[in-house]
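Trainee: predicted structure and sequence below. I'll ask about it afterward.
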Amino acid sequence: MEDIVCVTRTGRAREKESPMFGPFIVAASEPAIAHGMLAFQLTGSPLHALLALVGHALSSPQARHKGENEDA
Amino acid sequence: MLDVYAFATPNSVKVPIALEELGFPYTLHGVNVRKGEQKTPEFLRLNPNGKVPVLVDTPENGDPFILTESAAILVYLAEKAGRLLPASGEERARVFEQLFFHASGLSPAFGQSGFFQRFAAEPQPLALERFASEATRTLGLLDGVLAERPFVAGEDFTIADIAHFGWLWRRGFPNITFDDTPNIARWYETVEARPAVQRGIARVEALVPQD
(Lines give C-alpha, C1' and ligand atoms only; values in the text may rest on other atoms or scores of the structure.)
Protein backbone atom coordinates (compact mmCIF):
# COMPACT_ATOMS: atom_id res chain seq x y z
CA MET A 1 0.00 0.00 0.00
CA GLU A 2 2.78 2.38 0.86
CA ASP A 3 4.29 1.85 -2.60
CA ILE A 4 0.96 2.55 -4.26
CA VAL A 5 0.54 5.75 -2.32
CA CYS A 6 3.97 6.88 -3.43
CA VAL A 7 3.25 6.02 -7.05
CA THR A 8 -0.11 7.73 -7.09
CA ARG A 9 1.26 10.81 -5.40
CA THR A 10 3.88 10.97 -8.12
CA GLY A 11 1.09 10.64 -10.62
CA ARG A 12 -0.84 13.48 -9.05
CA ALA A 13 2.25 15.64 -9.14
CA ARG A 14 2.48 14.95 -12.86
CA GLU A 15 -1.17 15.94 -13.27
CA LYS A 16 -0.33 19.38 -12.00
CA GLU A 17 2.69 19.69 -14.28
CA SER A 18 0.82 18.60 -17.40
CA PRO A 19 -2.85 19.39 -17.91
CA MET A 20 -2.95 16.60 -20.47
CA PHE A 21 -2.05 13.91 -17.95
CA GLY A 22 -5.08 11.96 -16.83
CA PRO A 23 -7.73 14.61 -17.55
CA PHE A 24 -10.55 12.35 -16.43
CA ILE A 25 -8.75 11.68 -13.18
CA VAL A 26 -8.29 15.38 -12.68
CA ALA A 27 -11.96 15.94 -13.41
CA ALA A 28 -12.89 13.32 -10.84
CA SER A 29 -10.85 15.24 -8.35
CA GLU A 30 -11.86 13.39 -5.20
CA PRO A 31 -8.48 12.12 -3.96
CA ALA A 32 -9.76 8.66 -3.06
CA ILE A 33 -11.23 8.12 -6.53
CA ALA A 34 -8.19 9.57 -8.24
CA HIS A 35 -5.81 7.41 -6.23
CA GLY A 36 -7.84 4.29 -6.89
CA MET A 37 -7.99 4.97 -10.63
CA LEU A 38 -4.33 5.81 -10.80
CA ALA A 39 -3.46 2.64 -8.93
CA PHE A 40 -5.46 0.69 -11.53
CA GLN A 41 -3.95 2.65 -14.41
CA LEU A 42 -0.39 2.13 -13.20
CA THR A 43 -0.63 -1.47 -12.00
CA GLY A 44 -3.49 -2.87 -14.08
CA SER A 45 -4.71 -4.54 -10.92
CA PRO A 46 -8.26 -4.03 -9.63
CA LEU A 47 -7.05 -5.30 -6.27
CA HIS A 48 -4.50 -2.51 -6.01
CA ALA A 49 -7.15 0.02 -6.98
CA LEU A 50 -9.46 -1.33 -4.29
CA LEU A 51 -6.68 -1.25 -1.71
CA ALA A 52 -5.97 2.38 -2.56
CA LEU A 53 -9.64 3.23 -2.03
CA VAL A 54 -9.83 1.28 1.23
CA GLY A 55 -6.65 2.91 2.46
CA HIS A 56 -8.15 6.31 1.82
CA ALA A 57 -11.33 5.44 3.61
CA LEU A 58 -9.51 4.17 6.67
CA SER A 59 -7.03 7.01 6.91
CA SER A 60 -9.25 9.95 5.99
CA PRO A 61 -9.88 12.74 8.50
CA GLN A 62 -13.49 11.63 8.75
CA ALA A 63 -12.30 8.22 9.94
CA ARG A 64 -10.49 9.83 12.87
CA HIS A 65 -13.70 9.72 14.78
CA LYS A 66 -12.41 10.43 18.26
CA GLY A 67 -9.50 12.68 17.37
CA GLU A 68 -7.27 11.12 20.00
CA ASN A 69 -4.21 11.66 17.84
CA GLU A 70 -4.90 15.35 17.34
CA ASP A 71 -3.99 16.52 20.80
CA ALA A 72 -0.91 16.75 22.96
CA MET B 1 -9.01 36.26 31.23
CA LEU B 2 -8.43 32.64 30.34
CA ASP B 3 -9.45 31.15 26.99
CA VAL B 4 -9.14 27.44 26.29
CA TYR B 5 -9.21 25.93 22.79
CA ALA B 6 -10.04 22.25 23.08
CA PHE B 7 -12.21 19.30 22.09
CA ALA B 8 -13.39 16.07 23.73
CA THR B 9 -9.96 14.45 23.54
CA PRO B 10 -7.72 12.82 26.18
CA ASN B 11 -5.32 15.71 26.49
CA SER B 12 -7.89 18.47 26.03
CA VAL B 13 -10.05 17.36 28.93
CA LYS B 14 -7.22 17.86 31.39
CA VAL B 15 -7.34 21.64 31.06
CA PRO B 16 -11.04 22.21 31.88
CA ILE B 17 -10.70 19.71 34.73
CA ALA B 18 -7.76 21.68 36.16
CA LEU B 19 -9.58 24.98 35.71
CA GLU B 20 -12.66 23.61 37.44
CA GLU B 21 -10.56 22.19 40.28
CA LEU B 22 -8.71 25.49 40.73
CA GLY B 23 -11.82 27.64 40.43
CA PHE B 24 -10.61 29.82 37.57
CA PRO B 25 -13.28 31.29 35.29
CA TYR B 26 -12.60 30.54 31.64
CA THR B 27 -14.09 30.58 28.18
CA LEU B 28 -14.02 27.27 26.31
CA HIS B 29 -13.71 27.39 22.52
CA GLY B 30 -14.42 24.21 20.59
CA VAL B 31 -11.90 23.08 17.99
CA ASN B 32 -13.53 20.22 16.11
CA VAL B 33 -10.60 17.96 15.34
CA ARG B 34 -12.93 15.59 13.45
CA LYS B 35 -13.36 18.34 10.89
CA GLY B 36 -9.69 19.31 10.90
CA GLU B 37 -10.22 22.68 12.56
CA GLN B 38 -6.91 22.24 14.38
CA LYS B 39 -5.14 22.63 11.02
CA THR B 40 -6.73 25.92 9.95
CA PRO B 41 -4.45 28.96 9.54
CA GLU B 42 -6.25 30.68 12.42
CA PHE B 43 -5.59 27.82 14.81
CA LEU B 44 -2.04 27.27 13.60
CA ARG B 45 -1.30 30.85 14.64
CA LEU B 46 -2.12 29.74 18.19
CA ASN B 47 -0.31 26.40 17.95
CA PRO B 48 1.94 25.71 14.97
CA ASN B 49 1.89 22.04 16.06
CA GLY B 50 -1.80 21.92 15.08
CA LYS B 51 -2.99 20.21 18.24
CA VAL B 52 -5.37 20.96 21.09
CA PRO B 53 -5.46 22.10 23.84
CA VAL B 54 -4.24 25.69 23.84
CA LEU B 55 -4.49 28.12 26.75
CA VAL B 56 -4.51 31.89 26.20
CA ASP B 57 -4.03 33.96 29.34
CA THR B 58 -4.76 37.62 28.62
CA PRO B 59 -3.94 40.05 31.43
CA GLU B 60 -5.87 43.28 31.80
CA ASN B 61 -2.82 45.26 30.74
CA GLY B 62 -0.45 43.28 28.61
CA ASP B 63 -0.03 40.87 25.76
CA PRO B 64 -1.79 37.51 25.67
CA PHE B 65 0.29 34.57 26.85
CA ILE B 66 -0.28 31.55 24.62
CA LEU B 67 0.64 28.11 25.98
CA THR B 68 0.41 24.69 24.34
CA GLU B 69 1.09 21.13 25.57
CA SER B 70 -1.35 19.94 28.20
CA ALA B 71 1.30 19.08 30.81
CA ALA B 72 2.84 22.54 30.54
CA ILE B 73 -0.62 24.09 30.85
CA LEU B 74 -1.32 22.05 33.99
CA VAL B 75 1.92 23.25 35.60
CA TYR B 76 1.22 26.87 34.61
CA LEU B 77 -2.30 26.81 36.08
CA ALA B 78 -1.21 25.05 39.28
CA GLU B 79 1.54 27.59 39.87
CA LYS B 80 -0.82 30.46 39.07
CA ALA B 81 -3.22 29.17 41.73
CA GLY B 82 -0.64 27.83 44.16
CA ARG B 83 -2.52 24.54 44.37
CA LEU B 84 -2.34 20.94 43.08
CA LEU B 85 1.48 21.15 42.80
CA PRO B 86 3.72 21.14 45.88
CA ALA B 87 5.97 24.20 46.04
CA SER B 88 9.26 22.34 46.42
CA GLY B 89 11.09 19.23 47.44
CA GLU B 90 10.45 15.55 46.95
CA GLU B 91 6.67 15.90 46.74
CA ARG B 92 7.01 18.33 43.83
CA ALA B 93 9.55 16.04 42.15
CA ARG B 94 7.10 13.12 42.39
CA VAL B 95 4.48 15.16 40.54
CA PHE B 96 6.93 15.96 37.75
CA GLU B 97 8.03 12.31 37.66
CA GLN B 98 4.44 11.29 36.90
CA LEU B 99 3.84 14.17 34.47
CA PHE B 100 6.90 13.17 32.43
CA PHE B 101 6.06 9.47 32.66
CA HIS B 102 2.62 10.29 31.33
CA ALA B 103 3.85 12.55 28.52
CA SER B 104 6.69 10.30 27.37
CA GLY B 105 5.38 6.85 28.30
CA LEU B 106 1.70 6.16 28.84
CA SER B 107 0.21 8.85 26.59
CA PRO B 108 2.16 8.05 23.38
CA ALA B 109 1.71 4.30 23.97
CA PHE B 110 -2.07 4.70 24.26
CA GLY B 111 -2.23 7.06 21.27
CA GLN B 112 -0.10 4.95 18.95
CA SER B 113 -1.79 1.73 20.03
CA GLY B 114 -5.19 3.19 19.22
CA PHE B 115 -3.95 4.61 15.93
CA PHE B 116 -2.61 1.29 14.67
CA GLN B 117 -5.73 -0.55 15.82
CA ARG B 118 -8.14 1.89 14.17
CA PHE B 119 -6.62 4.13 11.54
CA ALA B 120 -3.70 2.41 9.85
CA ALA B 121 -4.43 1.99 6.14
CA GLU B 122 -3.50 -1.66 6.39
CA PRO B 123 -2.64 -3.92 9.36
CA GLN B 124 0.83 -3.36 10.77
CA PRO B 125 1.37 -6.37 13.07
CA LEU B 126 4.73 -5.22 14.41
CA ALA B 127 3.40 -1.76 15.30
CA LEU B 128 0.18 -3.21 16.72
CA GLU B 129 2.12 -5.57 18.98
CA ARG B 130 4.70 -2.98 19.93
CA PHE B 131 2.29 -0.26 21.02
CA ALA B 132 -0.38 -2.54 22.53
CA SER B 133 2.33 -4.16 24.67
CA GLU B 134 3.70 -0.78 25.66
CA ALA B 135 0.24 0.50 26.58
CA THR B 136 -0.34 -2.56 28.77
CA ARG B 137 3.13 -2.31 30.27
CA THR B 138 2.79 1.37 31.21
CA LEU B 139 -0.67 0.68 32.63
CA GLY B 140 0.83 -2.05 34.80
CA LEU B 141 3.54 0.33 36.00
CA LEU B 142 0.94 2.89 37.01
CA ASP B 143 -1.05 0.20 38.79
CA GLY B 144 2.07 -0.65 40.79
CA VAL B 145 2.48 3.01 41.74
CA LEU B 146 -1.14 3.18 42.89
CA ALA B 147 -0.71 0.04 44.96
CA GLU B 148 1.58 2.11 47.18
CA ARG B 149 -0.22 5.48 47.23
CA PRO B 150 -3.77 6.78 47.07
CA PHE B 151 -2.90 9.19 44.25
CA VAL B 152 -0.28 8.91 41.54
CA ALA B 153 2.24 11.29 43.15
CA GLY B 154 1.54 10.66 46.80
CA GLU B 155 -1.07 11.22 49.45
CA ASP B 156 -2.81 14.13 47.74
CA PHE B 157 -4.62 14.78 44.47
CA THR B 158 -2.36 16.78 42.12
CA ILE B 159 -2.09 17.80 38.47
CA ALA B 160 -0.35 14.46 37.85
CA ASP B 161 -3.66 12.73 38.58
CA ILE B 162 -5.38 15.02 36.08
CA ALA B 163 -2.72 14.21 33.47
CA HIS B 164 -3.17 10.44 33.78
CA PHE B 165 -6.93 10.73 34.04
CA GLY B 166 -7.27 12.23 30.55
CA TRP B 167 -6.00 9.18 28.72
CA LEU B 168 -7.59 6.69 31.11
CA TRP B 169 -10.90 8.44 30.50
CA ARG B 170 -10.37 7.69 26.79
CA ARG B 171 -9.02 4.16 27.37
CA GLY B 172 -11.51 2.70 24.92
CA PHE B 173 -9.52 4.16 22.04
CA PRO B 174 -6.60 1.72 22.55
CA ASN B 175 -9.01 -0.96 23.89
CA ILE B 176 -7.66 -0.79 27.42
CA THR B 177 -9.64 -2.06 30.42
CA PHE B 178 -9.00 -2.03 34.15
CA ASP B 179 -9.68 -5.76 34.51
CA ASP B 180 -6.10 -6.52 35.55
CA THR B 181 -5.32 -3.24 37.28
CA PRO B 182 -7.46 -3.04 40.43
CA ASN B 183 -5.48 -0.16 41.90
CA ILE B 184 -6.08 1.98 38.83
CA ALA B 185 -9.75 1.02 38.91
CA ARG B 186 -10.00 2.19 42.53
CA TRP B 187 -8.12 5.44 41.79
CA TYR B 188 -10.13 6.15 38.62
CA GLU B 189 -13.42 5.81 40.48
CA THR B 190 -12.19 8.24 43.13
CA VAL B 191 -10.99 10.84 40.62
CA GLU B 192 -14.03 10.53 38.36
CA ALA B 193 -16.33 11.16 41.34
CA ARG B 194 -14.82 14.59 42.01
CA PRO B 195 -17.39 17.27 41.12
CA ALA B 196 -14.80 19.41 39.32
CA VAL B 197 -13.74 16.45 37.19
CA GLN B 198 -17.35 15.79 36.24
CA ARG B 199 -17.83 19.44 35.30
CA GLY B 200 -14.68 19.43 33.17
CA ILE B 201 -15.78 16.31 31.31
CA ALA B 202 -19.25 17.75 30.75
CA ARG B 203 -17.78 20.95 29.31
CA VAL B 204 -15.69 19.15 26.65
CA GLU B 205 -18.37 16.61 25.83
CA ALA B 206 -20.73 19.50 25.12
CA LEU B 207 -18.34 20.57 22.35
CA VAL B 208 -19.10 17.45 20.31
CA PRO B 209 -21.82 18.06 17.70
CA GLN B 210 -24.73 15.66 18.10
CA ASP B 211 -24.99 14.45 14.51
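Mentor: Received, thanks.

Trainee: which residues of chain B fall in helices?
Mentor: Using DSSP state H, the helices of chain B run over B:14-22, B:41-46, B:70-81, B:89-101, B:107-118, B:125-148, B:159-169, B:182-192, B:195-205.

Trainee: report all helices and strands that the longest one contacts.
Mentor: Where contact means 3 or more Cβ pairs under 8 Å, 6 or more residues apart in numbering or on different chains; DSSP states H and E, helix B:125-148 is packed against helix B:89-101, helix B:107-118, helix B:182-192. The way it works is simple: take the backbone N, C-alpha and C, and place the C-beta from them, glycine included.

Trainee: will you turn the helices of chain B into JSON lines that also has mean pLDDT and mean neighbour count?
Mentor: Formatted as JSON lines, these follow (pLDDT from 0 to 100; neighbours: other Cβ atoms under 10 Å in any protein chain shown):
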{"stretch": "helix B:14-22", "mean pLDDT": "98", "mean neighbour count": "25"}
{"stretch": "helix B:41-46", "mean pLDDT": "98", "mean neighbour count": "13"}
{"stretch": "helix B:70-81", "mean pLDDT": "98", "mean neighbour count": "20"}
{"stretch": "helix B:89-101", "mean pLDDT": "98", "mean neighbour count": "16"}
{"stretch": "helix B:107-118", "mean pLDDT": "96", "mean neighbour count": "22"}
{"stretch": "helix B:125-148", "mean pLDDT": "98", "mean neighbour count": "16"}
{"stretch": "helix B:159-169", "mean pLDDT": "98", "mean neighbour count": "26"}
{"stretch": "helix B:182-192", "mean pLDDT": "98", "mean neighbour count": "17"}
{"stretch": "helix B:195-205", "mean pLDDT": "98", "mean neighbour count": "17"}
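
Trainee: any idea which of these gets closest to B:Gly30?
Mentor: Proximity to B:Gly30, assessed across the helices of chain B by Cβ to Cβ, is greatest for helix B:195-205 (8.6 Å).

Trainee: now B:Phe157: closest residue in space that isn't a chain neighbour?
Mentor: In this structure, B:Phe157 finds its nearest non-sequential neighbour in B:Phe151, 5.2 Å apart by Cβ to Cβ, 6 or more residues apart in numbering or on different chains.

Trainee: quick one: the one you found and B:Ile162 touch, right?
Mentor: No. Here B:Phe151 does not reach B:Ile162: they are 10.5 Å apart, not a contact under Cβ atoms under 8 Å.

Trainee: what does chain B put close to chain A?
Mentor: Counting by Cβ under 8 Å from any Cβ of the partner chain, the positions of chain B adjacent to chain A are B:7-12, B:33-36, B:38, B:49-53, B:68-70, B:110-111, B:114-115, B:118-122, B:170, B:173.

Trainee: show me the domain layout of chain B.
Mentor: Listed domain ranges for chain B are B:2-83+B:197-205, B:89-194 (source: automatic domain parsing).

Trainee: that older thread, let me have the helices of chain B in TSV, adding distance to B:Leu2 as columns.
Mentor: Below are these laid out as TSV (distance: least, Cβ to Cβ, whole Å):
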stretch	distance to B:Leu2
helix B:14-22	7
helix B:41-46	14
helix B:70-81	8
helix B:89-101	20
helix B:107-118	23
helix B:125-148	30
helix B:159-169	16
helix B:182-192	23
helix B:195-205	13
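
Trainee: and for chain B, the residue most distant from the center?
Mentor: Going by Cα atoms, centre = their mean, the residue of chain B most distant from its centre is B:Asn61, 30.4 Å out.

Trainee: what pLDDT does it get?
Mentor: B:Asn61 is assigned 92 on the pLDDT scale.

Trainee: ok, it - contacts?
Mentor: Listed by Cβ atoms under 8 Å, 6 or more residues apart in numbering or on different chains, the contact set of B:Asn61 is empty.

Trainee: quick one: neighbours of the residue nearest to B:Phe157, just the number.
Mentor: B:Phe151 has 20 neighbouring residues, counting by other Cβ atoms under 10 Å in any protein chain shown.
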